[in-house]
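>>> below is the sequence, then the predicted model.
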Amino acid sequence: MSETEQSLFDAPPIAEQERMVEAILFAAAEPVTVAELERRMPHGCDPAEALAYLRRRYEGRGVRIVRVGDAWAIRTAPDLGYLMQKEVIEQRKLSRAAIETLAIIAYHQPVTRAEIEEIRGVAVSRGTIDQLLEMEWIRFGRRRMTPGRPVTFVVTESFLDHFGLESARDLPGLKDLRAAGLLDSRPLPGALATPGDEDEASGQTELFED
Amino acid sequence: MSETEQSLFDAPPIAEQERMVEAILFAAAEPVTVAELERRMPHGCDPAEALAYLRRRYEGRGVRIVRVGDAWAIRTAPDLGYLMQKEVIEQRKLSRAAIETLAIIAYHQPVTRAEIEEIRGVAVSRGTIDQLLEMEWIRFGRRRMTPGRPVTFVVTESFLDHFGLESARDLPGLKDLRAAGLLDSRPLPGALATPGDEDEASGQTELFED
Amino acid sequence: MSDRDWIDEQKDQSVSDRLAAEALIVDVDGFEGPLDLLLSLSRSQKVDLRRISVLQLAEQYLGFVNKAKALRIELAADYLVMAAWLAYLKSRLLLPPDPTEDGPSAEDLAAHLAFQLERLQAMREVAARLMARDQRGRDFFVRGQTEEVARSRKVVYSAALIDLMRAYARIRTKDEFRPFVMDRHDVFTMEQALDRMRGLIGYVGDWSDLESWMPEGWDAHPMRRRSSLAAHFAAVLEMAKRGQIQIRQGETFAPIQIRRKEGE
């Protein structure tokens, strides 16, 4: 209201008009003509003059005020065009061996290679582990305090990120898998502890909370 | 070898880095994280410092550099909103239940559905939660480590962006509510204390107090 | 409703509001549950929620429920549950405290109800303040013309959570059929030991330690050694019972020795 009243008497100061043009050009979905600026700004404004100031202000900046036909727009400075590149990511599915290995690490971490092989019932190739390490979905955990002090594997932050998990504890448990129809038979007596079991929870505590 | 490379690609001067950040932020509608800036800018750049300069430069202008959680964006100055009728997006009208549920999630997060219901004294309809999830104003947080491991809800970055908040700590009146004890989880006297209480306290600490 | 409206509404409470509160009776649908109704009723007391008279509030609520009944308005179950609880609370508040009774005092219960109302009220207020903030797309705006970001290719291997769950389910399901194969890896059964010893017994002419008859490869791993020893011990007991061999042990924990029974 007060803006309208003010405009009846005199136009806002030119610095204020410059702000207006800046905001309008920024938010507009397409280039804006001076006539359109005039329609949108309070009565008595001089968008052409405000534009000239704004143009000067953006000289040498990361973006510029450019003329497109008879309209105006904000555009990236041409010398910075290379920043507008993003690596596009071609997604490829992980191999079955890799995803199974990853699943075992996620559910049983920290876990040694021998344990992974025991759970999968198949040898784990060096390449599979390397691939997961390289993707930064797994990393080395603490060494197991058993003979040979084997290294263990744990999942990383970027693994959690990728799968939209806040922590490995949020992985669906066996119960959830069964409810989702992904697992159909009865639990295996004496099976390895699954996430959610007290046992494992304490193991994970060690991992995540220190 | 790497030393030679280093000297060949010295970080650009800070003024130049500021231009880069400016260009990248101008080009994006959604907030850009510092990590993303770092990925896109030449090696050795310090986007956080460049951002600080840029922010100061835009003080009082028609557009502002704003912080949204861990990310940054350019937004028009709110006092110029009246010029943007053309850009106004028809907003879906939220029901009173949805607004209250949203506020409860924002102020009590992470919060379970049962807790929302306890505060409102009424069941939360599936549709309300769905709507807020769909708008991407809330998302699932960690599961509560209590029996049943209920899921929790937290607000998103897009919620912060929508309401112009730098972080959930900046919610209006948050401090007063906490000081008045109105964010405490206080069970009905005589009811068994739920084991979730500890957890909740620490969850909130994590979110708001560090 | 903005902040302002809220405050105004609080201030403007008058007789007409009280009349409006009476009119609540015909509009139960307008309430989001009993707590919401209680909060509305509490406004007629025109005091800070912290000083509210819960007793008076309970009476108002019960009055409301009675009127609804008189008007044959069907109340949802949770309204009736609240009514029952408030009736109980009211009686406890009116009677002198019973020192023999365990559990929370009526005052504690009343204080908790007041806390719940205050909290709900506070949430309503901050919800209003939140909605009164400048909002994206209404008061401030994002870049209208975003710039295309050119794309260069990079291969990244990915998997969805569902793949991970399926893989894990696959392994675990396989597990459930495995005990018959896998778990016997380290188990030597008595039947196996019997078969084996039957073939070997012809060579056991003189007393020899049972342990020297363990199959190859079963003495290195402790679990396997224990299993095969137990199986062979059981097998030789069985054979002794059948009169095929003889067993002896010099003393406790001394080596167990076997030999073929003469005449076999």
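Right, received. Where do you want to start? Residues are numbered from 1 along each chain as shown, chains lettered A, B, ... in the order given.
>>> please report how far A:Leu171 lies from chain B.
Look at A:Leu171 and chain B: by C-beta to the nearest C-beta, to the nearest Å, they are 10 Å apart. Any C-beta I mention is one placed from the backbone N, CA and C, and that applies to glycine too.
>>> now for that residue: which residues touch it?
By C-beta atoms under 8 Å, 6 or more residues apart in numbering or on different chains, the contact list for A:Leu171 reads A:Ala106, A:Tyr107, A:Leu165, A:Pro195, C:Leu164.
>>> likewise for C:Glu211?
So C:Glu211 contacts C:Leu229, C:Pro255, C:Ile256 (C-beta under 8 Å, 6+ apart).
>>> correct me, but the second one touches C:Gln249?
What it means is C:Pro255. Yes. Counting by C-beta atoms under 8 Å, C:Pro255 touches C:Gln249, with 7.3 Å between them.
>>> which element, helix or strand, includes the residue of chain C found nearest chain B?
Closest to chain B within chain C is C:Leu35: 2.5 Å, counting by C-beta to the nearest C-beta. Using DSSP states H and E, C:Leu35 sits within helix C:34-42.
>>> next, count neighbours for C:Leu95.
As a burial measure, C:Leu95 scores 9 neighbours (other C-beta atoms under 10 Å in any protein chain shown).
>>> pLDDT score for the closest residue to chain A within the stretch 1-150 of chain C?
Nearest to chain A, among the residues of the stretch 1-150 of chain C, is C:Phe141, at 3.8 Å (C-beta to the nearest C-beta). We have a pLDDT of 89 for C:Phe141.
>>> and for C:Ser105?
Model confidence at C:Ser105, given as pLDDT, is 84.
>>> right, and it touches C:Leu95 too?
No. Assessed by C-beta under 8 Å, C:Ser105 is found out of contact with C:Leu95, at 11.5 Å.
>>> quick one: the strands in chain C?
Using DSSP state E, the strands assigned to chain C run over residues C:150-158, C:208-209, C:245-249, C:256-260.
>>> what of chain A?
A:32-33, A:63-68, A:71-76, A:85-93, A:111-112, A:138-140, A:152-155.
>>> quick one: closest of the ones you listed to chain C.
Closest approach to chain C among the strands of chain A (C-beta to the nearest C-beta): strand A:85-93, 3.5 Å.
>>> could you give the mean pLDDT of the closest one?
66.
>>> nearest residue to C:Gly33 in space, please, no chain neighbours.
On the basis of C-beta to C-beta, 6 or more residues apart in numbering or on different chains, the spatially nearest residue to C:Gly33 that is not a chain neighbour turns out to be B:Val122, at 3.0 Å.
>>> okay but that neighbour is in contact with C:Leu39, surely?
No. With contacts counted by C-beta under 8 Å, B:Val122 stays clear of C:Leu39, the gap being 11.6 Å.
>>> gap between the residue nearest to C:Gly33 and B:Leu133?
Taking C-beta to C-beta, to the nearest Å as the measure, B:Val122 falls 19 Å from B:Leu133.
>>> neighbour-wise, which of those two wins?
More crowded of B:Val122 and B:Leu133, by other C-beta under 10 Å: B:Val122, with 20 against 14.
>>> so for that one, what's the pLDDT?
At B:Val122, the model reports a pLDDT of 89.
>>> for the closest residue in space to A:Leu37 that isn't next to it in sequence, report the pLDDT, please.
Spatial nearest neighbour of A:Leu37, excluding adjacent residues (C-beta to C-beta, 6+ apart): A:Pro47 at 3.6 Å. Predicted confidence (pLDDT) for A:Pro47: 95.
>>> please tell me how far A:Pro47 sits from A:Arg55.
Using C-beta to C-beta, A:Pro47 is found at 12 Å from A:Arg55.
>>> which intervals of chain A have sub-threshold pLDDT?
Scanning chain A for pLDDT under 70 picks out A:1-9, A:86-91, A:174-175, A:177-210.
>>> so what are the domain limits for it?
What automatic domain parsing lists as the domains of chain A is A:11-86, A:96-200.
>>> before we move on, the earlier item: and A:Pro47 and A:Arg55? Which one has more around it.
The neighbour comparison of A:Pro47 against A:Arg55 (other C-beta under 10 Å) goes to A:Pro47, with 24 against 16.
>>> surely the more buried one meets A:Gln17?
Yes. Between A:Pro47 and A:Gln17 there is a contact under C-beta under 8 Å: 7.0 Å.
>>> average model confidence for stretch C:207-225?
Averaged over stretch C:207-225, pLDDT sits at 80.
>>> quick one on the thing from earlier: and the closest residue to the residue of the stretch 1-150 of chain C closest to chain A other than its chain neighbours, what is it in contact with?
Closest residue to C:Phe141 apart from its sequence neighbours, by C-beta to C-beta, 6+ apart: A:Ala27 at 3.8 Å. By C-beta under 8 Å, 6+ apart, A:Ala27 lies in contact with B:Thr76, B:Met84, B:Glu87, C:Phe141, C:Val142, C:Arg143, C:Gly144.
>>> would you list these in TSV and tack on neighbour count?
What follows is the contacts of A:Ala27, written out as TSV (neighbours: other C-beta atoms under 10 Å in any protein chain shown):
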residue	neighbour count
B:Thr76	28
B:Met84	21
B:Glu87	20
C:Phe141	28
C:Val142	20
C:Arg143	22
C:Gly144	20
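>>> what's the least confident stretch among the strands of chain C?
Mean pLDDT is lowest for strand C:150-158 among the strands of chain C, at a mean of 62.
>>> what's the spacing between C:His221 and A:Ala97?
Distance, C:His221 to A:Ala97, by C-beta to C-beta: 27 Å.
>>> which one's more surrounded, the two?
Between C:His221 and A:Ala97, counted using other C-beta under 10 Å, the more crowded position is A:Ala97 (17 against 12).
>>> find the residue closest to the more buried one in space, skipping its chain neighbours.
Excluding the flanking residues, the one nearest A:Ala97 by C-beta to C-beta, 6+ apart is A:Thr128, at 5.1 Å.
>>> so that neighbour sits against A:Ala98, correct?
Yes. A:Thr128 is within contact range of A:Ala98, at 5.1 Å (criterion: C-beta under 8 Å).
>>> more neighbours, those two?
Between A:Thr128 and A:Ala98, counted using other C-beta under 10 Å, A:Ala98 has the larger neighbour count: 22 against 19.
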